[in-house]
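Undergrad: pasting the structure only:
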């Protein structure tokens, strides 16, 4: 056995520091070396920078929406401005932040590191995906800011095709372009995971994070073309009057709902699954314990990605869909609870009897579990036919999906960002500030969104600019919470940037975590490993483990 | 036939992210298959809409289908099947390293693809002449019922989308032919011909679904 | 008048008023579901917090455990919550079934949604904009259609909503049991003034409702209006009793199966009659030559509703 082999087995041993090649950040310094790089790690950082920018814009739009809702009579913004603001928030957050968030940044950076590859299968395609993403996203962004679109991120026909007076077509074209970037990223991941694993890295030795990204990529590949088609048909109808959705032109508006949700429900799992993967890594690392029921957790990812293609009809219980279809979709939606339950209970069992450190990433992971459970179960409420007839299109739905998207995906994103920050940058973030930020975000989030469950049950419809005065108290509470949430977001933004220059130098493996990404230096060299690793140990090979079975 | 003199060495150049050439070949092929799956899903929605329309409103859809130019569609099907044959020929010859024959087959494929587009264009022109395009600001002659219109709209979107794929395919093929005409191409990038072949067969396959679904069923 | 004040007075309410038995039923369902949810989740929250405190890395505690997988345990926490929640699926589906089958004796209100107002019409022809009066104790069926984009009629106090689609009728029904004034909304985003496309629904005792109807003023009922339109649009020329053209007789048509030329039958529903007026070429009827002109773009939605109301009242001679 070579000395390198023992290094991969036990990452805690002293690193070989002599003759080390320059790490990927310092290999080259020109602007060109960033914008024309094919290194998956640099591309991941390009994505990280761009989606952070989009997140800030989306958050500003959300802040303005919450500001407007402080008063019930809607005097702060005009009706069209308000409609443009919530459309801007939705379009940016869904299409340009949440969908690329974890896959395009962490996935790009970590998949090759975690499976012991030198790069993704198609490095140039990977760079192309970023350019495609930026082209579409910036284009739509300019449209949203300069002209504005008032359709909501759902673009329901025939409003979007015939009745909206704003710039729907350019906005749609941008979103269609971004869809191609998703497809190319998903394609790259699938091929990489199939063909680029290092010797000994079998499917069941892959980290759960890689499993969840594999499942996510399947959705990218199978779902995105359908939304591309639906949006192309919208453009055709609006531009050339090729009637597919507007009854006045011979179309059917319900058809758009079908095509839209056939993608957009699975898209929820594009946002959720990678978060689950991140949290699994965090829970195992900060409990120093093997993931409980590894195989079930892995299967559950694929299970979720499969079931999610058969539940789109639960967005359409109140549009005249046949009773039989609604009942079947309701039942299938309940089935989503099965793989979700496995994940949550197995995380809990992983924490049981671990050696737990409550560092910032673990705080985010624990917050994630709580909020995701709440978000998921309120999803079951909405999947119940008679309940949906009341809560559909109310603030209950808004609260539900923010618990999944912010309480789930966003917290997982931040937890992962802190966990892998040393690996990305070679610097440690300040731990105390990290914990304060995590706490503020958790509190701010709950104060913002819990009142919205009540508002929804009281019957406040979503996308209302002017609302009945009896709802003002809860709305003010929610807006107050959003300021705490915004303050919370400032913390990581400031201290993470600060740490780039002033943070402590990070060791290769600051968390005593297992997994190939921790066996290479922080930050890793240009081609990730000094030599191709060979894996002959099980995943999550942590010190606390059950006695070997006979 | 290729002999030892005309046949060139056939190989690929190892890119830096791979360990073996076999891995590199597999990656290319799998990547194209993944892309084709996504393309298939793009068309699947349209096929599904057309089929559901046929089941729900058989009479209205038949009214539309009887006005489609069956014989042009059938000829085009034959043209595309021939082009798949020439593309397969190009792939076989590329494996043998017989560059001139391969280039000939590729050009023939591009010509057949263009022939398809010309015939399709003529078919659109006839439709236009017969006032079959409900979305234009001119008289429209077929049944007024929404499902007839919807079916025709889906027909134009589907064939248009397929046409866009074919135009892309022919353009890429011409560029590839130009690249392949340079020396040493087959020694460095032989697998590009095979990967491109998959895409061409796929465009063909889509048309082979389009033809029965839109032209033939309950005619 | 036993009607309570404006809904805006309930400023601090944390629970919406329930104005029908079905609404109370939904509340029970949601409360029971919440209880089960808490049963399933509170142990997780408590366990995570407890573990995080007891098994802190710097504490000396016993960390030996059996195994890092346990298929039986995992299957049980996968399936037991699933079957537990399936109860609520069944409960919700059963209530949904009731909601999909309005009673035959329901009072029928016709609603038209358009950017950005609701128009409601009572059988007697009384029309209201954005507000709706209904009697307590009697099932009320709202039959609706949109003139432009998708809207959705939402009555939170009855825990019901239904999208209002262009080109197609949709329905919802409820039985109010508590007189009062409640809110109604458009809940599907429909453009600039979506948020002011709302109004009030007033539930009155049957006697007050009769009184209101008589005060609301209407020259003629929907069916009577339809009869006038039937003559004005020249329908009587072919479909009337004295017609010389051989056209299908409409008496007793509503709700009956109509034989199709292409084989099979279609039930003469509201949608069928509307479609037949607008697109007579579609669904050709067995035994008749299609000579009827299309009225698409000629007859507006509210007149279509009156025509259909009239056609429904046409009885077969002798019945």
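TA: Structure received. Note that the structure is a prediction, hence the values are computed from the model and not measured.
Undergrad: Show me where chain C dips below the pLDDT cut-off.
TA: C:1-5, C:8-11, C:317-319 (pLDDT under 70).
Undergrad: how's it carved up into domains?
TA: In terms of domains, chain C is parsed into C:1-57+C:102-218, C:222-313 (source: automatic domain parsing).
Undergrad: Go through those domains and pick out the most buried.
TA: Of all these, domain C:1-57+C:102-218 carries the top mean neighbour count, a mean of 19, counting by mean count of other C-beta atoms under 10 Å in any protein chain shown. Just so you know, the C-beta spots here come from the backbone N, C-alpha and C atoms, and that holds for glycine as well.
Undergrad: these two touch, right, residue A:67 and residue A:479?
TA: Yes. Counting by C-beta atoms under 8 Å, residue A:67 touches residue A:479, with 6.8 Å between them.
Undergrad: Would you mind telling me which of the two has more residues around it?
TA: Neighbours per residue, other C-beta atoms under 10 Å in any protein chain shown: of residue A:67 and residue A:479, the larger number sits with residue A:479, 20 against 15.
Undergrad: Okay, the nearest residue to that one once chain neighbours are set aside and residue A:473: tell me how far apart.
TA: Of all residues beyond its chain neighbours, the one nearest residue A:479 is residue A:66 (4.3 Å), with distances taken as C-beta to C-beta, 6 or more residues apart in numbering or on different chains. Look at residue A:66 and residue A:473: by C-beta to C-beta, to the nearest Å, they are 15 Å apart.
Undergrad: Looks to me like residue C:141 is in a strand.
TA: Yes. Assigned with DSSP: H, G, I helix; E, B strand; the rest coil, residue C:141 falls within a strand.
Undergrad: Report the contact partners of it.
TA: With C-beta atoms under 8 Å, 6 or more residues apart in numbering or on different chains as the criterion, the residues that contact residue C:141 are C:102, C:106, C:107, C:108, C:109, C:171, C:172, C:173.
Undergrad: does chain C sit close to whichever strand or helix holds residue A:346?
TA: Element membership of residue A:346 [criterion: DSSP states H and E] is helix A:337-351. Yes. Among the residues of helix A:337-351, A:337, A:338, A:339, A:341, A:342, A:344, A:345, A:346, A:348, A:349, A:351 lie within reach of chain C under C-beta under 8 Å from any C-beta of the partner chain.
Undergrad: ok, which stretches of the stretch 451-550 of chain A are helices?
TA: For the stretch 451-550 of chain A, helices defined by DSSP state H, counting those that start in this stretch occupy the ranges A:472-502.
Undergrad: for the stretch 251-400 of chain A, that is, sorry about that
TA: Listed in chain order, the helices of the stretch 251-400 of chain A (DSSP H, counting those that start in this stretch) span A:253-287, A:294-307, A:323-335, A:337-351, A:360-383, A:385-391, A:395-402.
Undergrad: same thing with chain B?
TA: B:21-56, B:58-65, B:70-96, B:99-129, B:146-180, B:185-210 (DSSP state H).
Undergrad: tell me, which of those is the model least confident about?
TA: Averaged per stretch, pLDDT over these is lowest on helix B:58-65, reaching a mean of 81.
Undergrad: Next one: the residue nearest the centre of chain B from residue B:33, what distance?
TA: Compute the mean C-alpha point of chain B, and by C-alpha atoms, centre = their mean the closest residue is residue B:203, 2.4 Å away. To residue B:33, residue B:203 is 15 Å away according to C-beta to C-beta.
Undergrad: one step back: the residue nearest to the centre of chain B reaches residue B:162, doesn't it?
TA: Yes. Residue B:203 lies in contact with residue B:162 (C-beta under 8 Å); the separation is 7.2 Å.
Undergrad: Touching both of these two, which residues are there?
TA: Counting by C-beta under 8 Å, 6+ apart, residue B:203 and residue B:162 have no contacts in common.
Undergrad: Nearest to chain C, out of the helices of chain B?
TA: Nearest of those to chain C, taken as C-beta to the nearest C-beta: helix B:58-65 at 5.0 Å.
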